[in-house]
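Asker: My questions are about this predicted structure, shown below with the sequence.
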Amino acid sequence: MFAKKPTLHGDRVTLRPVGPDDVPGLIELTSDPEVGRLTGSHGAPNDAAAAQWYATRGDHADRLDLAICDAETGEYAGEIVINELDEDNLSCNLRIALVGSRAYGKGYGTEAIRLTIAHVFATTPLHRISLGVYAFNERAVHVYRKVGFVEEGRLRDALRWDGQWYDEIVMSVLRTD
């Protein structure tokens, strides 16, 4: 379904297929403790694994991995991914991560999500895009609602971080929304 990996252009961001040149940005992203907390990622970054990961994303027709780049400078600002494709139920998952404070508050995430949703619904038969976000990530919850995601429920105590439990909010957007 995602054999062709597009480049999508917005006012603030360009979304393009990830590749080996993006590995330093991915390492910056996965090394940031705040990004780790927001994504619930407990593991330590591994440079070799990051290089292998980004080198092989284009080989997978069941997912779409795009680098979020500043539209003016081309600088890597994060990634947005469509994965967990369920062709029988015409649904998939969306995840996004920005490199940290240098990318926050600039509208990159909002525009990247809008571009990606528009692309998915315009070029595939998919009906539903879902995601999970931890309840403490109020900035992300606000953005997801702004772009049309609707809260469906909560997974109670889904994340244990620094000895505390946090809920995961499940959200989705439908083609008919």
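Answerer: Perfect, I can see it now.
Asker: hang on, residue 83 is in a helix, isn't it?
Answerer: No - when DSSP: H, G, I helix; E, B strand; the rest coil is applied, residue 83 is found to be strand, with no helix at that position.
Asker: Distance check, the residue most central in space within the chain against residue 87.
Answerer: A centroid search over the chain (C-alpha atoms, centre = their mean) returns residue 96, at 1.7 Å, as the residue closest to the centre. Separation of residue 96 from residue 87 (C-beta to C-beta, to the nearest Å): 22 Å. Using the backbone N, CA and C atoms, a C-beta is placed for each residue, glycine as well.
Asker: Then residue 151?
Answerer: 25 Å.
Asker: counting contacts, what elements does the helix or strand of the chain with the lowest mean pLDDT pack onto?
Answerer: Of all the helices and strands that make up the chain, helix 47-56 has the lowest average by mean pLDDT, DSSP states H and E, namely a mean of 83. For helix 47-56, the contact count by 3 or more C-beta pairs under 8 Å, 6 or more residues apart in numbering; DSSP states H and E identifies helix 23-31 as packing neighbours.
Asker: buried stuff in the helix or strand following the helix it packs on?
Answerer: Next helix or strand after helix 23-31 toward the C-terminus (DSSP states H and E): helix 33-39. Within helix 33-39, the residues that qualify as buried are 35-39, counting by 16 or more other C-beta atoms under 10 Å.
Asker: Just the CA coordinates for helix 33-39, please, in PDB.
Answerer: What follows is helix 33-39, C-alpha atoms only, in PDB (Å, rounded to 0.1, in the frame of the first residue of the first chain):
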ATOM      1  CA  PRO A  33      15.700  12.400  27.500                       C
ATOM      2  CA  GLU A  34      12.500  14.500  27.100                       C
ATOM      3  CA  VAL A  35      11.700  12.800  23.700                       C
ATOM      4  CA  GLY A  36      12.200   9.400  25.500                       C
ATOM      5  CA  ARG A  37       9.700  10.400  28.200                       C
ATOM      6  CA  LEU A  38       7.200  11.700  25.700                       C
ATOM      7  CA  THR A  39       7.400   8.500  23.600                       C
END
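Asker: so how far is that helix from its chain's centroid?
Answerer: On the basis of C-alpha atoms, centre = their mean, to the nearest Å, helix 33-39 is displaced by 13 Å from the centre of the chain it belongs to.
Asker: do the same with stretch 34-44
Answerer: The answer for stretch 34-44 is 14 Å, by C-alpha atoms, centre = their mean.
Asker: pLDDT averaged over it - what is it?
Answerer: Mean pLDDT, stretch 34-44: 85.
Asker: Name the SS class of residue 114, please.
Answerer: Under three-state DSSP, residue 114 comes out as helix.
Asker: That one contacts residue 147, correct?
Answerer: Yes - contact status for residue 114 versus residue 147: in contact at 5.5 Å, counting by C-beta atoms under 8 Å.
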